[in-house]
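Peer 1: 3D model of this:
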Amino acid sequence: MRYTLPPMHTLRAFEAAARLRNFTLAGEELHLTASAVSHQIRALEAFYGTALFRRQRHEVALTSAGERLLDAAQPLLERLSALGDALRARDAQRLSLTAPPSLVSRWLMPRLGAFLAAHPQVDFRLHATTALLDLDAEQADLAIRYGDGRWPGLHAEKLFDESIFPVAAPAYARMLKLVGDDFHAATLLRDDFHSWERWPGAAGATPSGPVYSDSALLLQAAEAGHGVALGRSVLVADAIRSGALVRLGTRAIAVPGAYYLVSARDVADTPAVAAFRAWLATAT
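Peer 2: This is a model prediction of the structure:
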């Protein structure tokens, strides 16, 4: 459908002048000069091909055409203004986050309920993926990423470092009498993230354990008693506390990567984003 509509700024000037019956007062409300308001009214009158005001010495009065236009324009502008307020309020409470699936399932989800309960007004959207979504294109408000903290054009703040160490289900460790770093009798579970090759004490252990594409799946397999896994400290912390996994030995290897909270550099935080940042600082 084709609409024949005047420029919005001329309607705003017309509505203010019609309501206040004065071009100067309308200009003060709109932060315009009285001359600018008069110019916009004339442009609107030219658009409709009819006079909208009768100019008098100290005020202006609407013509019959002006009265009809005001009856149509005023509720329309009020509805558009109210809709704009509602849309801005909704966007201010919308929060989209992208994070690696392993971190989501092993660390974020057990804690996220506390944030959502404290902020029920937030329209929260979570995208678990290893893909690096374009934050500048607003594919997400925030991202939790693993790496060295350097993503061109983005702001990154470190959440936590990571180390790796062997873990297994308690029953599995007891069955094989696993002590310290001696895994010669164990099946080594593997993922695509960290290799057993440089781990001291892995020599002689079964090299043909299953390979999992996701670290969360690797740890599920370890919890089920399928073998020993190289646990990533952030991902295994809850399982060790609950007793689902036990740490084998005391040795740990620091890894160069860390988890970062990443955002577009030049975008101001909405209330929802600011609330999540504050909560995340306490959750880590």
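Peer 1: what's across from Val246 in the sheet?
Peer 2: Following DSSP bridges, Val246 is listed with bridge partners Ala168.
Peer 1: Same question for Val179.
Peer 2: Bridge pairing for Val179 - DSSP bridges - gives Asp182.
Peer 1: Neighbours of it, how many?
Peer 2: Val179 has 10 neighbours, counted by other CB atoms under 10 Å. All C-beta spots, glycine's among them, are computed from the backbone N, C-alpha and C.
Peer 1: With Leu108 instead?
Peer 2: Leu108: 19 neighbours (other CB under 10 Å).
Peer 1: List the residues that contact it.
Peer 2: Leu108 makes contact with 99, 126, 144 under the criterion CB atoms under 8 Å, 6 or more residues apart in numbering.
Peer 1: any idea how far stretch 170-182 is from the chain center?
Peer 2: Centroid separation for stretch 170-182 versus its chain: 42 Å, with CA atoms, centre = their mean, to the nearest Å.
Peer 1: Then stretch 164-184?
Peer 2: 39 Å.
Peer 1: Report how far apart the opening and closing residues of that stretch are.
Peer 2: Using CA to CA, to the nearest Å, one end of stretch 164-184 lies 19 Å from the other.
Peer 1: quick thing: my sequence starts at 430, can you match it?
Peer 2: In the new count, where the first residue is 430, that last one comes out as stretch 593-613.
Peer 1: contact partners of it?
Peer 2: With CB under 8 Å, 6+ apart, stretch 593-613 has contacts from 614-615, 623, 628-634, 648, 651-662, 665, 668-669, 672-682, 684.
Peer 1: Let me know the closest of the contacts of Leu537 to Arg486.
Peer 2: Leu555 (64.4 Å; CB to CB).
Peer 1: what's across from that closest one in the sheet?
Peer 2: In this entry, Leu555 is beta-bridged to Leu526, by DSSP bridges.
Peer 1: does the closest residue to Ala658 other than its chain neighbours sit in a helix or strand, and which one?
Peer 2: Nearest non-adjacent residue to Ala658, counting by CB to CB, 6 or more residues apart in numbering: Ala651, 4.0 Å away. Using DSSP states H and E, Ala651 sits within helix 644-652.
Peer 1: Which elements pack onto the next helix or strand after that helix?
Peer 2: Per DSSP H and E, the first helix or strand lying C-terminal to helix 644-652 is strand 658-661. Packing partners of strand 658-661 (3 or more CB pairs under 8 Å, 6 or more residues apart in numbering; DSSP states H and E): strand 583-597, helix 644-652.
Peer 1: got these as CSV, with mean neighbour count, mean pLDDT and distance to Ser467 columns?
Peer 2: Formatted as CSV, those follow (neighbours: other CB atoms under 10 Å; pLDDT from 0 to 100; distance: least, CB to CB, whole Å):
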stretch, mean neighbour count, mean pLDDT, distance to Ser467
strand 583-597, 18, 93, 47
helix 644-652, 22, 96, 67
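Peer 1: can you put these in TSV and add distance to Asp500?
Peer 2: Shown next, in TSV, are the helices and strands packed on strand 658-661 (distance: least, CB to CB, whole Å):
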stretch	distance to Asp500
strand 583-597	50
helix 644-652	62
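Peer 1: Can you tell me which of the ones you listed is nearest to Leu459?
Peer 2: Short answer: strand 583-597, nearest of the helices and strands packed on strand 658-661 by CB to CB, at 36.8 Å.
Peer 1: now the closest one, how far from the chain's geometric center?
Peer 2: With CA atoms, centre = their mean, you get 20 Å for strand 583-597.
Peer 1: how about whichever helix or strand comes after that strand: buried residues?
Peer 2: Using DSSP H and E, the helix or strand that follows strand 583-597 towards the C-terminus is helix 599-604. Going by neighbour count (16 or more other CB atoms under 10 Å), the buried part of helix 599-604 is 601-602.
Peer 1: List the beta-bridge partners for Phe589.
Peer 2: Taking DSSP bridges as the rule, Phe589 bridges to Tyr688.
Peer 1: I'd like the average pLDDT over stretch 607-617.
Peer 2: When pLDDT is averaged along stretch 607-617, the result is 80.
Peer 1: same deal with stretch 706-713?
Peer 2: In this model, stretch 706-713 has an average pLDDT of 90.
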